[in-house]
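Asks: Sequence unavailable; structure follows:
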């Protein structure tokens with residue numbers, strides 16, 4: 001193997017596949033990255049046996065070949081090099097990879113590429129495309145609401161529903177629910193519903209970067225694996241098996257009070273209250289008050305920490321309905337507000353013990369439900 005490529009491009013590729021490297025594994029080779037020189041590209045691949053990432057780097061290939069080398073060592077070394085041409089050489093019979101860049105060089109002991117676990121190939125099943133910008137927004141709107149604890153594995157994933165030209169992403173952790181709907185670039189031939197690990201979709205989002213080209217998504221016939229094909233990369237992952245909860249019955253169908261508020265003001269008042277809520281189990285109380293003839297309605301946000309003190313903040317609101325009270329975990333409230341790019345949001349409530357619903361104003365493809373905290377009013 002003999003090739004040369006730019007340090008900047010090689011570094012980007014290594015960082016792209018680096019997160020798929022196994023942290024701890026009974027199979028030591030999964031802590032390596034596979035390098036394959038082919039035609040005019042260098043292929044980089046890594047897998048932890050649940051997820052595999054492949055990335056192609058433009059290169060001047062003089063001689064084809066392949067080898068696997070320790071991921072952390074290679075990533076750290078290339079990251080430290082100057083932005084110059086990197087020459088990579090592997091003797092025909094050897095397993096020691098030689099890297100040169102300017103006045104720096106290194107020799108890294110590798111393992112034969114034949115020992116590297118094969119990256120799954122997915123060609124059959126349901127295939128569609130989606131605009132990169134739509135997928136980025138969809139993942140950002142739901143991924144944070146997925147569970148991080150493994151007690152209910154299906155909740156660590158995102159329920160992904162394909163139907164006609166619609167794609168729904170749904171995440172829930174038992175305390176909140178996020179549902180985002182978007183339009184596919186090409187309709188699917190059959191309705192399909194699978195659960196994709198949230199960390200995989202976060203990885204897809206990270207690799208999307210500023211990509212403008214559509215993303216191709218394929219779910220295999222057995223519904224056991226999913227493939228995302230990006231401009232310079234591919235991610236293939238195992239799917240989570242099990243039944244996702246029937247989330248539609250959790251979304252309130254009506255409300256007694258609706259308050260429309262400015263998102264940036266709502267975020268500020270929530271952030272201020274979070275200072276006191278830290279010592280009060282994260283609880284913030286919201287009181288929605290309708291306006292009189294000449295005065296606007298308002299939302300009062302407060303937090304009370306027994307031994308420390310309390311605070312109260314107010315923001316103007318366009319209120320429809322009667323006065324209402326509800327308490328939330330301030331973390332859940334702040335996280336959903338931080339991913340919305342609209343200027344206003346509607347908060348819909350019924351009783352202090354019923355879920356609250358947040359909907360951005362101006363779009364109808366996103367709804368977020370937060371379970372209330374029970375407090376003494």
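Replies: Noted; the coordinates are in hand. Small disclaimer: the values here were computed from a predicted structure and weren't measured.
Asks: All the strands of the stretch 201-350 of the chain, in order from the start?
Replies: For the stretch 201-350 of the chain, the strands defined by DSSP state E, counting those that start in this stretch cover 215-219, 225-229, 233-238, 257-262, 283-289, 297-305, 309-321, 324-329, 344-349.
Asks: contact partners of stretch 289-302?
Replies: The contact list for stretch 289-302, computed with C-beta atoms under 8 Å, 6 or more residues apart in numbering, reads 259, 261, 266, 269-270, 272-273, 284-288, 310-323, 347. Every C-beta, even on glycine, is put in place using the N, C-alpha and C of the backbone.
Asks: Check stretch 115-128 too.
Replies: When contacts are defined by C-beta under 8 Å, 6+ apart, stretch 115-128 is touched by residues 27, 29-30, 32, 34, 45, 47, 49, 52, 54, 68, 162, 167, 184-190, 192, 216-223, 225-227, 236.
Asks: Need the buried ones from those selected in PyMOL.
Replies: To isolate the buried subset of the contacts of stretch 115-128 in PyMOL, counting by 16 or more other C-beta atoms under 10 Å, use the following:
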select buried, resi 29+30+32+34+45+47+52+54+68+162+167+184+188+216+217+218+219+220+225+226+227+236
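Asks: Just the buried ones from the contacts of stretch 289-302?
Replies: Applying a neighbour-count criterion of 16+ other C-beta under 10 Å, the buried members of the contacts of stretch 289-302 are 259, 261, 266, 269-270, 272-273, 284-288, 311, 313, 315-317, 319-321, 347.
Asks: okay, the most centrally placed residue in the chain: pLDDT?
Replies: Nearest to the centroid of the C-alpha atoms of the chain, with distances taken as C-alpha atoms, centre = their mean, sits residue 202, at 2.5 Å. The pLDDT attached to residue 202 in the predicted structure is 97.
Asks: Quick check: it touching residue 143?
Replies: Yes - the pair residue 202 and residue 143 passes the contact test of C-beta atoms under 8 Å, sitting 5.4 Å apart.
Asks: Where do the helices of the protein begin and end?
Replies: Counting by DSSP state H, the chain forms helices over residues 7-18, 71-80, 132-142, 198-208, 263-277, 330-339, given from the N-terminal end onward.
Asks: quick one, the second one and helix 7-18 angle?
Replies: Right, the one you point to is helix 71-80. Orientation check (axes from the mean of the first three to the mean of the last three C-alpha atoms, to 10 degrees): helix 71-80 against helix 7-18 gives 150 degrees.
Asks: and helix 71-80, how far out from the chain's middle?
Replies: For helix 71-80, the distance from its own C-alpha centre to the chain's C-alpha centre is 25 Å (C-alpha atoms, centre = their mean, to the nearest Å).
Asks: again with the first one
Replies: Centroid separation between helix 7-18 and its chain, computed with C-alpha atoms, centre = their mean, is 20 Å.
Asks: mind listing what's buried in it?
Replies: Residues of helix 7-18 classed as buried under the neighbour-count rule (16+ other C-beta under 10 Å) are 7, 9, 10, 11, 13, 14, 16, 17, 18.
Asks: With pLDDT and distance to residue 359 added, can I get those residues in a markdown table?
Replies: Output for the buried residues of helix 7-18, formatted as a markdown table (pLDDT from 0 to 100; distance: C-beta to C-beta, whole Å):
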| residue | pLDDT | distance to residue 359 |
| --- | --- | --- |
| 7 | 97 | 47 |
| 9 | 97 | 43 |
| 10 | 98 | 45 |
| 11 | 97 | 42 |
| 13 | 97 | 40 |
| 14 | 98 | 41 |
| 16 | 96 | 35 |
| 17 | 97 | 38 |
| 18 | 96 | 38 |
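Asks: Let me know the closest of those to residue 252.
Replies: The shortest separation between residue 252 and any of the buried residues of helix 7-18 is 41.0 Å, and it belongs to residue 16 (by C-beta to C-beta).
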